[in-house]
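Asker: Structure of the sequence below:
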Amino acid sequence: METKQLGNTGVNISAIGLGGMPLSLSSRPPEPEAIKVIHRALDLGVTLIDTADSYCKDESDKHHNERLIAKALQQYNGDISNIIVATKGGLMRHNGSWTRNGNPDHLKQTIRVSFEALGGEKPIDVWQYHAPDTDYSIEESLAPAKEAVQEGIIRFVGVSNFSVEQIKRARDVVDIVSVQNQYNPWYRQPEVDGVLEYCEKEKLTFLPWSPLGGSRRVGKLEDIPVISQLANEKGVSVYQIVLAWLRAKSSAIAPIPGASKISSIEDSLRAVEVKLSEEEVSKIDAGTSS
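Answerer: Predicted structure coming up:
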């Protein structure tokens, strides 16, 4: 598996990671099957797993994905010393909906629960503030993360769903290594809002969430002519074409496709072998939303 540096940390991560969310929502697979998916990803060289305290069915199920990943790592027979688990905090799942909660007291508490859910034996590799809450300043909400770094509970900090200005404010509070914003063929805002350019310039890792469009759109990739045509020409899946396109867009990008089946993560990871020319990347640009 190809690797790249996580921000300016000196720590390497796999060029494509595993998004854990599909393993914990209401449609999640049985736990033994979910663990097999995680183990297969590790077998194939994945060293970055993305999760969140809110990857669960609802508030009664909070931190499910973190506990699942910790269990899978504990049961894995191979070396896990280089595995980076990046989690997030700041979203609530009342009745299964997604709502923001940047209350510093809540974030302080959920950081500690995440620490325990992930094993409680070493610092959280990467903790990301899931989305800014307008009821609290970024400075207020990130203060608990800074405190947790100082206490040795968090190793690195990232942000998610942030603008350039918000990233700058976050960096005035605590060192930031990564930015996780939505980016896929239907949503290309990072190209025009300055976030992707800023990450490149400042050497922050950009983790595109829903890289394949999420559950509502992933099945529609075949309907995008330029993507399906390139997939046919190269004898690969449309998913591999999209992940290769994202990787070609910026050296800062490390896609984190979700998977709930072994076949899905196997297919996604083969994207590291797909190389697109500048002309092919331009064709995809022209044939998708911007």
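Asker: Just the residues contacting stretch 164-175, thanks.
Answerer: Stretch 164-175 is contacted from outside by 129, 132, 138-139, 142-143, 145-146, 149, 156-157, 159, 162, 176, 179, 193-195, 198, 204, using C-beta atoms under 8 Å, 6 or more residues apart in numbering. Every residue, glycine included, has its C-beta placed from N, CA and C.
Asker: repeat that with 6 Å
Answerer: Contact partners of stretch 164-175, identified using C-beta atoms under 6 Å, 6 or more residues apart in numbering, comprise 132, 138-139, 142, 145-146, 157, 159, 176, 194-195, 198.
Asker: Check stretch 228-243 too.
Answerer: Against stretch 228-243 from outside (C-beta under 6 Å, 6+ apart): 212, 221-222, 227, 255, 267-268, 270-271, 274.
Asker: Quick one: mean pLDDT over it.
Answerer: Averaging pLDDT along stretch 228-243 gives 98.
Asker: in that stretch, what's buried?
Answerer: For stretch 228-243, the neighbour count (16 or more other C-beta atoms under 10 Å) marks 230-231, 234, 236-243 as buried.
Asker: Which one of those residues is nearest to R217?
Answerer: V242 (10.7 Å; C-beta to C-beta).
Asker: Quick check: the closest one is in a helix.
Answerer: Yes: V242 forms part of a helix when assessed by DSSP: H, G, I helix; E, B strand; the rest coil.
Asker: re the thing from before, buried subset of the contacts of stretch 228-243?
Answerer: Of the contacts of stretch 228-243, these count as buried by 16+ other C-beta under 10 Å: 212, 221, 227, 255, 267-268, 270-271, 274.
Asker: Please narrow these to those residing in helices.
Answerer: 227, 267-268 (DSSP state H).
Asker: Quick check: closest non-adjacent residue to L207.
Answerer: Q180 (4.1 Å; C-beta to C-beta, 6 or more residues apart in numbering).
Asker: gap between the nearest residue to W186 once chain neighbours are set aside and Q189?
Answerer: Taking C-beta to C-beta, 6+ apart, and ignoring the residues beside it in sequence, W186 has S289 as its nearest neighbour in space, at 5.2 Å. With distances taken as C-beta to C-beta, to the nearest Å, S289 is found 10 Å from Q189.
Asker: Give me the buried positions along the helix or strand containing E33.
Answerer: Assessed by DSSP states H and E, E33 sits inside helix 31-43. For helix 31-43, a neighbour-count test (16+ other C-beta under 10 Å) marks 34-35, 37-42 as buried.
Asker: between those, which is nearest S114?
Answerer: I38 (17.3 Å).
Asker: wait, what's in contact with the closest one?
Answerer: I38 neighbours (C-beta under 6 Å, 6+ apart): A72.
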